[in-house]
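# The sequence and its predicted three-dimensional model are supplied below.
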Amino acid sequence: MFVTPITFALPLTSRLFPPQKPLLFSGANSSLKLADFMVRNGSKRPLVVTDSFLHENGMLDDLLAFLKQSGCKVSIFDEIIPNPTFAVVEAGLEASRANQCDAVFAVGGGSAIDAAKVMAAASTSKKSIAQLAGILKVDQPLLPFYVAPTTSGTGSEVTSAAVISDSQTHKKKFFVDPKYIPIAAALDTELLKSLPAPMTAATGMDALTHAIEAYICRNRFEDTDRDAAMAIKLLVEFLPIACADGENEQAREMTALGSFLAGFAFTKASLGYVHAISHQISAHYNTPHGLANAVILPRVLRFNKVVSKQRFAALEHMLSPARPQMDDHALANTFIDRIDALSETVNIPPHLEELQSKDFDAIAYDAISEARWSYAVPKVMSKKDVIKILTSASNGNRSVSF
Ligand SMILES: [Fe+2]
């Protein structure tokens with residue numbers, strides 16, 4: 001079972017407490033501009049939260065030197081691991097308290113950002129980390145919280161949620177509150193350009209999935225439509241360039257901006273069946289989230305084509321205008337084919353070898369359950385539909401029809 005309260009809570013809390021985007025700094029060395037902004041806002045004792053790989057490889061050297069030159073007393077917590085636990089957050093919290101830190105500055109992927117969110121909340125709260133788990137449990141403003149992501153896909157730098165594993169039970173716990181959205185974020189191409197091509201592709205396709213699912217869901221808003229459409233335009237154009245040439249600064253920046261906008265769109269709107277199915281695939285086979293999404297995405301688009309035809313047509317028109325001879329049906333088909341072609345260009349495999357038909361019943365049951373309770377999907381799937389998608393994802397036939 002992988003029904004997560006996070007995905008149900010995001011659209012609900014966004015209606016009750018409309019989230020605000022962080023202030024955004026962008027481009028080469030923008031993490032230094034972010035640091036300067038933090039210092040000018042009065043924080044001089046930041047806790048820098050990162051992982052040992054980034055720290056030991058000198059990725060933070062410029063930032064740390066800048067902070068010290070600015071008169072800061074910097075504390076570094078570099079013990080972030082993938083799927084961080086309560087114990088990791090507790091250790092960071094101890095470092096924050098022992099050094100009387102007055103801000104939290106996360107540099108890393110989704111794990112570092114998620115852990116830093118909870119450290120920043122626990123630093124000002126009398127609640128334990130376990131007591132902060134859940135929806136709207138943050139009782140005090142966070143320590144001023146700043147973020148410089150080193151991957152482009154999760155959107156954690158703009159979402160109101162964090163995922164931390166309970167050290168005892170090993171179950172994932174969800175922390176959802178608009179207060180987790182940072183004050184400001186930096187999309188620093190100097191930090192982003194070392195991400196290897198396969199991870200760039202998978203995380204970029206995850207971001208594209210966030211944007212498309214937000215754009216076609218039934219919980220959409222004017223601003224989420226605008227952000228999702230812009231994210232799709234940026235990712236379709238620049239993701240292939242970022243994968244082919246990781247040093248291309250413009251492509252890195254535009255891909256990161258696409259991920260940022262997509263993250264905000266889905267936080268406020270919703271996700272859909274691509275995530276509902278890929279979550280179960282990852283739970284069964286440990287498939288990376290972005291890769292599972294990338295393979296499932298075009299199949300779910302084909303399933304949605306009848307009800308989302310006009311939405312897909314609008315996106316295709318935005319991507320390549322001035323084709324009056326094509327009706328919505330033709331434009332929608334062209335859009336879906338475009339997503340197939342993008343997947344191929346960035347070397348996403350056409351199928352997932354790990355899928356086993358003996359698991360399809362359980363995966364379909366849990367995916368339908370997750371979507372029912374979590375997402376404002378445009379069209380409801382039956383178990384048979386999910387199994388058809390899983391079958392086509394295991395045999396590589398992208399052009400499954402419904
Ligand atoms: Fe995702």
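Okay, I see it.

# Specify the residue positioned farthest from the middle of this structure.
Distance from the centre of the chain peaks at Q325, with 37.0 Å (Cα atoms, centre = their mean).

# ok, now how distant is it from F238?
Per Cβ to Cβ, to the nearest Å, Q325 is found 29 Å from F238. For the C-beta atoms, the positions are set from N, CA and C on the backbone; glycine is no exception.

# Quick check: which element contains the residue farthest from the centre of the chain?
Of the helices and strands defined by DSSP states H and E, none includes Q325.

# what's the burial count for E94?
12 (other Cβ atoms under 10 Å).

# Hmm, Y180 is touching A122, no?
No. Using Cβ atoms under 8 Å, Y180 is not in contact with A122, being 11.8 Å away.

# And the strands in this protein?
For the chain, the strands defined by DSSP state E occupy 23-26, 46-49, 75-77, 103-108, 134-135, 145-149, 161-165, 172-176, 184-187.

# Same list (those strands) but as CSV, adding distance to K383 and mean neighbour count.
Converted to CSV, those look like this (distance: least, Cβ to Cβ, whole Å; neighbours: other Cβ atoms under 10 Å):
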stretch, distance to K383, mean neighbour count
strand 23-26, 42, 17
strand 46-49, 42, 28
strand 75-77, 45, 21
strand 103-108, 39, 29
strand 134-135, 29, 16
strand 145-149, 37, 29
strand 161-165, 27, 23
strand 172-176, 25, 21
strand 184-187, 40, 26
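
# Leaving out chain neighbours, which residue sits closest to the residue nearest to the spatial centre of the chain?
When Cα atoms, centre = their mean is applied to the chain, the residue found nearest the centroid is T154 (1.9 Å). Leaving aside its sequence neighbours, T154 sits nearest to G110 (Cβ to Cβ, 6 or more residues apart in numbering; 3.7 Å).

# what pLDDT, on average, does stretch 84-103 get?
The average pLDDT for stretch 84-103 rounds to 97.

# how about the CA coordinates for it, as PDB?
What follows is stretch 84-103 as a C-alpha-only set of coordinates in PDB (Å, rounded to 0.1, in the frame of the first residue of the first chain):
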ATOM      1  CA  PRO A  84      17.000  10.700   5.600                       C
ATOM      2  CA  THR A  85      15.800   9.400   8.900                       C
ATOM      3  CA  PHE A  86      14.500  11.000  12.200                       C
ATOM      4  CA  ALA A  87      18.000  10.300  13.600                       C
ATOM      5  CA  VAL A  88      19.700  12.400  10.900                       C
ATOM      6  CA  VAL A  89      17.300  15.300  11.500                       C
ATOM      7  CA  GLU A  90      17.800  15.000  15.200                       C
ATOM      8  CA  ALA A  91      21.600  15.200  14.700                       C
ATOM      9  CA  GLY A  92      21.200  18.300  12.600                       C
ATOM     10  CA  LEU A  93      18.900  19.800  15.200                       C
ATOM     11  CA  GLU A  94      21.500  19.200  17.900                       C
ATOM     12  CA  ALA A  95      24.100  21.000  15.700                       C
ATOM     13  CA  SER A  96      21.700  23.900  15.200                       C
ATOM     14  CA  ARG A  97      21.000  24.300  18.900                       C
ATOM     15  CA  ALA A  98      24.600  23.700  20.000                       C
ATOM     16  CA  ASN A  99      25.800  26.500  17.700                       C
ATOM     17  CA  GLN A 100      22.800  28.800  18.300                       C
ATOM     18  CA  CYS A 101      22.100  28.900  14.600                       C
ATOM     19  CA  ASP A 102      19.800  31.600  13.400                       C
ATOM     20  CA  ALA A 103      19.100  30.200   9.900                       C
END
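
# how about that stretch: buried residues?
84-93, 95-96, 99, 101-103 (16 or more other Cβ atoms under 10 Å).

# One more: stretch 341-350?
Of all the residues in stretch 341-350, those buried under the rule 16+ other Cβ under 10 Å are 342-343, 346, 348.

# where are the low-confidence patches of the chain?
Per-residue confidence of the chain (counting by pLDDT under 70) places the weak regions at 1-14.

# From the recorded domain assignment, give the ranges for it.
Using automatic domain parsing, the domains assigned to the chain come out as 5-192, 197-395.

# what separates the first one from the chain centre, distance-wise?
Which is domain 5-192. 14 Å (Cα atoms, centre = their mean, to the nearest Å).
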